[in-house]
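[1] Make a model of this:
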Amino acid sequence: MFESVVEPSTPRLYIGNLSYEVAESDLFELFSKVAPVKNVDIVRDRRTNRSKGYGFVEMADLEAAKLAFAQLNHAELVGRQIIVSGAKSERRDGRRETSEPPR
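    Numbers count the residues shown, from 1 in each chain. As a prediction, the model looks like this:
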């Protein structure tokens, strides 16, 4: 399975291929070594509360996100090579932004 890697265009980064054992504090610690971090969120199954193996890190600004992307994409964390990519933007209503017109 290949995940498309996108250069960051916002401070929010997508982090994939996470071990189920990784905690928010692990991501915060790793990314804080590169630049200031605002927020970390690992996506979890609502029913079981188990990690889904991906999450998001919001860096202090776009430059920090680009630096973290450059330094940490394919870095090892808890025995797995993580994927760092620019996150797709979300609108305030929670739906993803697209370039397609509404139908």
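[2] residue boundaries of the helices in the chain?
    24-32, 62-72 (DSSP state H).
[3] Pipe those helices into TSV and attach distance to Gly55 per row.
    The way it works is simple: take the backbone N, C-alpha and C, and place the C-beta from them, glycine included. Formatted as TSV, those follow (distance: least, CB to CB, whole Å):
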stretch	distance to Gly55
helix 24-32	6
helix 62-72	13
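[4] Of the ones you listed, give the one that comes closest to Ile82.
    Ile82 lies closest to helix 62-72 among these, at 7.0 Å (CB to CB).
[5] So which elements touch that closest one?
    strand 12-16, helix 24-32, strand 51-59, strand 83-86 (3 or more CB pairs under 8 Å, 6 or more residues apart in numbering; DSSP states H and E).
[6] the inter-axis angle of the third one versus helix 62-72?
    Spelled out, that is strand 51-59. Here strand 51-59 runs at an angle of 130 degrees relative to helix 62-72 (axes from the mean of the first three to the mean of the last three CA atoms, to 10 degrees).
[7] now strand 51-59, how far from the centre of its chain.
    With CA atoms, centre = their mean, to the nearest Å as the basis, strand 51-59 stands 4 Å off its chain's centre.
[8] Neighbouring strands of it in the sheet, and parallel or not?
    Note on strand 51-59: by DSSP bridges, its sheet partners are strand 12-16 (antiparallel), strand 37-44 (antiparallel).
[9] what angle separates that strand from helix 24-32?
    40 degrees.
[10] thinking again about what came up before, got a markdown table for the helices of the chain, with mean pLDDT, distance to Thr10 and mean neighbour count too?
    Below are these laid out as a markdown table (pLDDT from 0 to 100; distance: least, CB to CB, whole Å; neighbours: other CB atoms under 10 Å):
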| stretch | mean pLDDT | distance to Thr10 | mean neighbour count |
| --- | --- | --- | --- |
| helix 24-32 | 98 | 15 | 17 |
| helix 62-72 | 98 | 7 | 18 |
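[11] which ones are touching Phe56?
    Counting by CB atoms under 8 Å, 6 or more residues apart in numbering, Phe56 touches Arg12, Leu13, Tyr14, Ile15, Asn39, Val40, Asp41, Val43, Ala87.
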